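Q: I would like the atomic coordinates for the input below:
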Amino acid sequence: MEFPATLSVLFVLVTQTYCSPIASDGSTHTTANILEFYPDSKGDGLNIIWAHAANSQVKVNSALADDTMMIEADVSPEANTGIPIMAHPPHNTSDITLAEWIQQITTTKKGMKVDFKYIDVVPASLQIIKQLADKIHQPMWYNADIVHGPNSPKQPVDPDAFISYINEGFPNAVLSLGWTTAWSSDAEIQLYTWTMIFDMLNYTFPCSQPVTYPVRAVWASTSWDKWVWMLGLRDDFSISVWSSSNDDVDIEGLVTFRQYGDTARIYYDLPDSQVNDFKDALQNAPDVIIEPDTPRWDKALWESTDSVENGDYVFLSTKGVGIFGGHRRASIRSKQQYKPMPDEAISISGRVQFVFRAGQSTYEVNDGVEIYIRSSDIIDGVRIYIGSNGDMRLESALSETESATGQLGPSDCYSFEVSDSGDDTAIVVNVTPVKCSDGTGVLPVNTDPVVLSLQLPYANDAFYISITKSGDNIDVLLEDVILPSSSSLSSINTMTIIAMCLFATGQGDRKSVV
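A: Alright, predicted model coming up:
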């Protein structure tokens, strides 16, 4: 098998739906941050006051008269006419239409959350909203469950059609896009999987509108770290925690999520009894202590290359990174170059989890992750391959004859460590099958590490570190990837960092930078 010296970009025709707000017809504040729009919230999503299922004139009147900030209701087609009315399925009659609902609420500053259960009612609804745009001067949210979530046999609202209708109708709104779900205490799946997370991001990551993700509170204890990871992708991503009154919610999981997440980007749509239990638990919760000297993933040290038009993404979060799409069409690369020394090896470590595509459950032969060191461009130099089937290779990207191979025990997750001392010392790679951090996937039976070493000519140059995915059938999640220490930076990069520090303190002269 031959490997290219540089990244080969494959141009594949893929239909990709984008979310792109356009100038609205006189509306304002439709995509506003509701915590800023409502100062009484005091910058905390827990203080937003909701009115739920305002699908009748009586409930609308009540919400308009009290201290509600956001009014939520469901849109359905009227039984005989198909006109958009406010009704939750299976009901198809109501005493208030969508047009009347909007006209009444727009006489106030209360926000609107419109929940779509049927794709067929979306175009007519957006046309009504567009016609009333000059009256809308408050937050507007569109809600729909667009991908499959835990345990649910329910068909989601078609994501491509939904986003296309929004683009063509009235796109200036916050998108509240969630998963279909079903819960019982003995349900097979008791968490949001990475497959579900990546499936959602495939549709929402390109959106330029703010996006909030409705998540079911019953899975907070098993999924809170994924929700924090999603918040780390974009500043205008948020999480809306919701619950059914019959759900057995682990309140401690909600507390943990709040402690590690951004309280200004977490909203709560919970029954009153659960809100009260949650607030009581918060008062008694201990402070979270994070050791400052612990090495950890740093998003600021990496840059990404992807092909959005082809549906290839790098999900670069403050908590890790996901690489999604086709073979070598998305990658990350260190912003700095590193130079190994005989007395100070370059060391890169981390964990990889292989993530199935939605609807898939098997890997192909070449599905895996590729780590490149001694790389002068995006992908070249020395290649470390860890396959989803346990295949492992350490080789020159220019010559398959210069290689070392091994076989790992099967696992969906592996930890890795790469050490390079430069000079004539062999590169050493240590990979171990591990249990996935979220407890999913194939549990490794054979956890013996495999160590490969290979001595290759070294040109005494500084190099980048690059990571991409191999194959078209799986995606990868990278966690706790730690780059070499700053003492291993090349001299040129070190000078650049010093110059940046001088400018930051006002001691530098821009003209002196070369």
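Q: give me the three-state assignment for residue 160.
A: Per DSSP: H, G, I helix; E, B strand; the rest coil, the local secondary structure of residue 160 is helix.
Q: what about it, how many neighbours?
A: By other C-beta atoms under 10 Å, the residues close to residue 160 number 12. Heads up, the C-betas are built off the backbone N, CA and C, glycines and all.
Q: please apply the same query to residue 409.
A: 16.
Q: gap between it and residue 167?
A: Residue 409 is 47 Å from residue 167, where distance means C-beta to C-beta, to the nearest Å.
Q: show me how far stretch 139-155 is from its chain's centre.
A: Its chain's C-alpha centre and that of stretch 139-155 lie 16 Å apart, by C-alpha atoms, centre = their mean, to the nearest Å.
Q: could you give the mean pLDDT of it?
A: In this model, stretch 139-155 has an average pLDDT of 96.
Q: list the buried residues in that stretch.
A: Of the residues in stretch 139-155, 139-150, 152 count as buried by neighbour count, 16 or more other C-beta atoms under 10 Å.
Q: among the residues you listed, which are in strands?
A: Secondary structure from DSSP state E places 140, 141, 142, 143, 144, 145, 146, 147, 148 of these in strands.
Q: for the second one, what are its contacts?
A: Spelled out, that is residue 141. 70, 111, 112, 113, 114, 173, 174, 175, 176, 212 (C-beta atoms under 8 Å, 6 or more residues apart in numbering).
Q: let me know the closest of the residues you listed to residue 301.
A: When the contacts of residue 141 are ranked by distance to residue 301 (C-beta to C-beta), residue 212 comes first, at 28.6 Å.
Q: out of everything not next to it in sequence, what's closest to that closest one?
A: Nearest residue to residue 212, sequence neighbours excluded (C-beta to C-beta, 6 or more residues apart in numbering): residue 238, at 4.3 Å.
Q: test my guess that that neighbour contacts residue 261.
A: No - Residue 238 is not in contact with residue 261 according to C-beta atoms under 8 Å; the separation is 9.7 Å.
Q: CSV for the contacts of residue 141, including pLDDT, neighbour count and secondary structure?
A: CSV is the format used below for these (pLDDT from 0 to 100; neighbours: other C-beta atoms under 10 Å; DSSP: H, G, I helix; E, B strand; the rest coil):
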residue, pLDDT, neighbour count, secondary structure
70, 97, 22, strand
111, 98, 24, strand
112, 98, 22, strand
113, 98, 25, strand
114, 98, 25, strand
173, 97, 26, coil
174, 97, 23, strand
175, 98, 24, strand
176, 98, 23, strand
212, 98, 23, strand
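Q: joint contacts of residue 238 and residue 261?
A: Applying C-beta under 8 Å, 6+ apart, one finds that residue 238 and residue 261 are jointly contacted by residue 231.
Q: quick one on the thing from earlier: save the contacts of residue 141 as a markdown table, and put in distance to residue 403 too.
A: Shown next, in a markdown table, are the contacts of residue 141 (distance: C-beta to C-beta, whole Å):
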| residue | distance to residue 403 |
| --- | --- |
| 70 | 59 |
| 111 | 59 |
| 112 | 60 |
| 113 | 56 |
| 114 | 57 |
| 173 | 53 |
| 174 | 51 |
| 175 | 47 |
| 176 | 50 |
| 212 | 48 |
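Q: do you know the pLDDT at residue 6?
A: 36.
Q: re earlier: what about the residue nearest to residue 212, distance to residue 267?
A: According to C-beta to C-beta, residue 238 stands 6 Å off from residue 267.
Q: what of residue 204?
A: Applying C-beta to C-beta, the value for residue 204 to residue 267 is 17 Å.
Q: just residue 364 next, same as before
A: Distance, residue 364 to residue 267, using C-beta to C-beta: 40 Å.
Q: settle it for me: which of the two has more neighbours?
A: Per other C-beta under 10 Å, whichever of residue 364 and residue 267 has more neighbours is residue 267, with 24 against 15.
Q: go ahead and confirm the more buried one touches residue 227.
A: No - Residue 267 is not in contact with residue 227 according to C-beta under 8 Å; the separation is 11.9 Å.
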